[in-house]
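Participant: Make a model of this:
(2 chains)
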Protein chains: 2
Amino acid sequence: MVSAKMYELGTKKSTIRTIFEFGRKRAAEVGEENIFDFSLGNPNVPTPDFVRDAAIEILQTYEPAQVHGYTVAPGNPKVREALAKSINERFNTNFAGKNIFVTSGAAAAITICFKALAEPEDEFITFAPYFPEYKVFVESVGAELKVVKPRPEDWQIDFDDFKKLLSPKTKAVIINSPNNPSGAVYSRATIKTLADILKEKSETFGHPIFIIADEPYRELAYGVEVAWVPNFYRDTLVCYSYSKSFSLPGERIGYIIVPDEVSDFEKIFGAIAGAARVLTHVNAPSLWQLVAAKCAGKKIDITPYERNGKILYDGLIAAGFECVKPQGAFYLFPKALEADDYAFCERAKKYDLLLVPGADFGAPGYFRAAYCIKTETIERSLPLFKKLATEY
Amino acid sequence: MVSAKMYELGTKKSTIRTIFEFGRKRAAEVGEENIFDFSLGNPNVPTPDFVRDAAIEILQTYEPAQVHGYTVAPGNPKVREALAKSINERFNTNFAGKNIFVTSGAAAAITICFKALAEPEDEFITFAPYFPEYKVFVESVGAELKVVKPRPEDWQIDFDDFKKLLSPKTKAVIINSPNNPSGAVYSRATIKTLADILKEKSETFGHPIFIIADEPYRELAYGVEVAWVPNFYRDTLVCYSYSKSFSLPGERIGYIIVPDEVSDFEKIFGAIAGAARVLTHVNAPSLWQLVAAKCAGKKIDITPYERNGKILYDGLIAAGFECVKPQGAFYLFPKALEADDYAFCERAKKYDLLLVPGADFGAPGYFRAAYCIKTETIERSLPLFKKLATEY
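Facilitator: The predicted structure follows:
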C-alpha cells in the first residue's frame, strides 16, 4: 500500500536518535543536570545577533514581495552576487553569481549534486568515518556508495584503499573537512594527493571524477587551515550550509558552488537545476537568502567550541583515552576502551555518558562525542569518563 | 557525464517561463506599463501585516535556539498542535498534532505523498486542466500520471472518462480545488460522486485508492463553499501551503494532513517521513513553522482578487469571449478564439497581452489568464482584448 523502502527509511530509528531519546527519558528520571549527552551535533552557540538584526531589518524595511516572493530556482540574483563576492574576498577566487546555486541547506546541496550527476551504475566514494546520511542520499538517486577504510592515526585518507575502490564507474568522491565525526581537517598534502590521483584516473577512465566537498563546518577550524579544494582540483563542487556557522540548522539555507572550470559548466548547472526541481526545492527560503547575503563573511565566534574541545580532549587523555587532537567541527572521535564500540557505549550509559558508536560512521572500535554542549556539562563529565576508564 | 534526465528537466524552458521572459524583454522596450502580463501565478496582495509582525516578534523575543534549531522531521510539536487546532476550529474535525506533517510548501507536500505511496507500476490520476508539475513530480517517483479529459462547461469532473482510467494500478487521485488553471471549485456533488466511485473501486481492487487534495488556494474562493474532502472520503491526504493565502511563496511553508481514518495511519505516516528524508526536506523552515502556528486561521483579505476576477471576467464576456465564471484561485480559463491555443496566444502577444496556452495544462483550445496583478493593468487591458477579439 505504501513504498516499503520509504516506510523503512521513515521509521527505522537511527542509533543517535535512540541514544538521544534514552537521554530524554533519563533526564526525566534523574534530572537534566545529571545527563551528559554527547550524542547530537546541534550547534549550541546562539545565532549571532547580526543575523537576527539582519532578518528584522529586512522584515521591517523591504517590500513584502521582495522578501517573500518566489525567487528563481538558483536563488535571488543579487543574493548570488553577494555570496560570490564574499567567497572571492576570502579565497581570492573569481566567482560570479552564475557560479552559485542557493539551496535549502547542505543535505539538499549534496543530494542535488548526487542526483544531477548520477547515471545508471554510477558509484560514489567517501571516506570512513563518514556522515551516515551519505549512504541514504546516494542510494536514493540510484547509485552506490563505496567507503574507503579509516586511517585512525590522523583521520586523513588511506590512499592505498582509495585507489582500490576507484573504477570507471566512479562518478564522484565526497569529502567532508572539517569532518563529522572525526573532527579532522584534511591537510593541503592530503587534498593535493587526492587531486593528483583523481586527475590521473579521470584521464585513464576518459571522464571526469568530481569532488563534492561537503563543507558545513568550514569556519569551525582551530588553528589549522581548511584548504580551498577548487584551487587543487578543477572538477570540484563545493556544498555549504549556514547551519553550523550561524547556528541556523532549522532554517535550511546553504549553497552549491559550480566553478567555471568544471568539465562542462552548462551541463552541470542545468542538471543541478533539474535535480533541485524534482527534489521539490522550488527555491531556498527567500528571507534567509537575503539574510545570508547581508551576513556572508561576517566573523563568528568559535572560541566556545574550541574551549570545549580542548577541555574534553585533555580530560579524556588524562583518563587514559587515545584520541586525535581536535582540529575542527565540534566532535571528538576517541578509541573505545574495548573492541566492541556498541558494548562500550552501553557501558558508558551506566554513568549517563551518552556517546555514539563509531560503527555508525563506518569506523568500529571508536566513538563520537559531540562537544557542542555546555562547558560545565563537559567539566562535570570528566570524573565519570575517568571512572568508566577504570572499569577496563 | 551528468544525468540526461536532470539536465533536460533543468534546462527545458516552460511555456510560462518563456512568456514571462518575453514580457520582461518587451517591458524594457516599451515600458512596464504597456505590458499586460497574465502569465504568472505569483500572489500580488502583500503579505498580511500580522504575518510580518509575528515573524518580528518571534525573532525579538524567543531564544534563538528555539527559533532556528532543527525541528524533528514532521515539525515542531507545538506548531503541529496549533495547526491541528486551527483546522479543527474551521472544519469541525478532530485532528491532533500527530496528524500533521509540516512541509516546505505544497510542491514538497504532494511529492512527499507521491513518493511515500508509489510502488512499482503504480499510476496516479489527475483531471485536466491541471498544474503541469504534477507530471514531473509523479514521474520522478517512478509512477505514471493518467489525465482525465476536461469538462469545459464547468471544469468539474468528467466521470465517464475518469472511470475508464481507473485500474488496479491506480494508487491515488490528485485533485486541486480551487483549481489552477481553471479557477473552478469542485461542488459537494462532484466530491461526493468522486468519493462514491473510489469507495466502490477500492473495494473491487482490494486496496485503497487515495485522494491527494492539493489545496494551496483553499481560502481563495468567492462566494462558494470549498468542500472538506476528508468528510467525504476517508483515504484523503490534504496538502496545504501558505504561499497563496499569506503571500509567502518564497518561504516554503505548508503541511500534509494524515487523518486517523486512513487505511493504515502508521504505515502512511512512516512512509511520508521516509520520503521527506530522501527528498532532503530535513525540516520545514523553522521560523516559518512558528509564524504559521501563530497566524493559522487568521482572516485574510481576498477582495482584491475577487474584484480583479470580476473585472476581467466581465470585460472578456463583453468582448465576446466564452468563460466559466471565476469561483476561486486567481485564474480565468477562457476559450481561445481559434482552435490552436498556441496560435491564439501568439496573436495576443501583438497587443502585449501575455497569456498561457491551455494545452500546457492538458486542455487545448483554452488559455489561462492569471489575474493576481494590478487592477489598473486589468482595466487597461480590456480594450486590447476587445481589439484582439475583432481579429476573429
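Participant: Which single residue in the stretch 101-250 of chain A comes nearest to chain B?
Facilitator: residue A:250 (2.8 Å; C-beta to the nearest C-beta). C-beta here means a position set from N, CA and C on the backbone, and glycine is covered the same way.
Participant: To what extent is that residue buried, counted in neighbours?
Facilitator: 26 (other C-beta atoms under 10 Å in any protein chain shown).
Participant: again with residue A:374
Facilitator: 13.
Participant: Then residue A:195?
Facilitator: 19.
Participant: contacting residues around it?
Facilitator: By C-beta atoms under 8 Å, 6 or more residues apart in numbering or on different chains, the contact set of residue A:195 is A:211, A:232, A:233.
Participant: repeat that for 10 Å
Facilitator: Residue A:195 is in contact with A:211, A:227, A:229, A:231, A:232, A:233, A:234, A:235, A:236, counting by C-beta atoms under 10 Å, 6 or more residues apart in numbering or on different chains.
Participant: for it, helix, strand, or coil?
Facilitator: At residue A:195 the chain is in helix, as set by DSSP: H, G, I helix; E, B strand; the rest coil.
Participant: Tell me if I'm right that the residue of the stretch 101-250 of chain A closest to chain B and residue B:67 touch.
Facilitator: Yes. The criterion here is C-beta atoms under 10 Å, and residue A:250 meets it with residue B:67 at 7.4 Å.
Participant: any residues in contact with both of these two?
Facilitator: Common contacts of residue A:250 and residue B:67 (C-beta under 10 Å, 6+ apart): B:286, B:287, B:289, B:290.
Participant: I'd like those as a markdown table, with distance to residue A:263 and pLDDT appended.
Facilitator: Output for these, formatted as a markdown table (distance: C-beta to C-beta, whole Å; pLDDT from 0 to 100):
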| residue | distance to residue A:263 | pLDDT |
| --- | --- | --- |
| B:286 | 37 | 98 |
| B:287 | 39 | 98 |
| B:289 | 40 | 98 |
| B:290 | 43 | 98 |
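Participant: Go through these and single out the one with the most neighbours.
Facilitator: Greatest neighbour count in the shared contacts of residue A:250 and residue B:67, by other C-beta under 10 Å, goes to residue B:286: 26 neighbours.
Participant: how close does that one get to residue B:381?
Facilitator: For residue B:286, the distance to residue B:381 equals 42 Å [C-beta to C-beta, to the nearest Å].
Participant: how about stretch A:158-176, does it get close to chain B?
Facilitator: Yes. Stretch A:158-176 lies within reach of chain B by C-beta under 10 Å from any C-beta of the partner chain, at residue A:171.
Participant: so who does the residue nearest to residue A:205 when sequence neighbours are not counted touch?
Facilitator: Once flanking residues are discounted, residue A:205 sits nearest to residue A:168: 4.6 Å by C-beta to C-beta, 6 or more residues apart in numbering or on different chains. By C-beta under 10 Å, 6+ apart, the contact set of residue A:168 is A:121, A:123, A:201, A:204, A:205, A:206, A:207, A:209.
Participant: same question, residue A:143
Facilitator: Residues near residue A:143 by C-beta under 10 Å, 6+ apart: A:114-115, A:117-124, A:137, A:169, A:171-172.
Participant: go again using 6 Å as the cut-off
Facilitator: Listed by C-beta atoms under 6 Å, 6 or more residues apart in numbering or on different chains, the contact set of residue A:143 reads A:118, A:122, A:124.
Participant: Checking the last one next. Helix, strand or coil?
Facilitator: Spelled out, that is residue A:124. strand.
Participant: So what sits opposite it in the bridge?
Facilitator: residue A:145, residue A:172 (DSSP bridges).
Participant: who touches it in this structure?
Facilitator: Taking C-beta under 6 Å, 6+ apart, we find residue A:124 in contact with A:138, A:143, A:145, A:172.
Participant: what does residue A:9 give?
Facilitator: Each residue near residue A:9 by C-beta under 6 Å, 6+ apart is listed here: B:274, B:277.
Participant: Please, which helix or strand holds residue A:182?
Facilitator: In the assignment (DSSP states H and E), residue A:182 maps to no helix and no strand.
Participant: Equivalent analysis for residue A:315, please.
Facilitator: Per DSSP H and E: helix A:303-318 holds residue A:315.
Participant: Does anything pack onto that helix? Which helices or strands?
Facilitator: Counting by 3 or more C-beta pairs under 6 Å, 6 or more residues apart in numbering or on different chains; DSSP states H and E, the packing neighbours recorded for helix A:303-318 are helix A:375-390.
Participant: Check the gap between the nearest residue to residue A:8 once chain neighbours are set aside and residue A:10 for me.
Facilitator: Sequence neighbours aside, residue B:274 is the residue nearest to residue A:8 in space, at 6.7 Å (criterion: C-beta to C-beta, 6+ apart). Here the criterion is C-beta to C-beta. By it, residue B:274 lies 3 Å from residue A:10.
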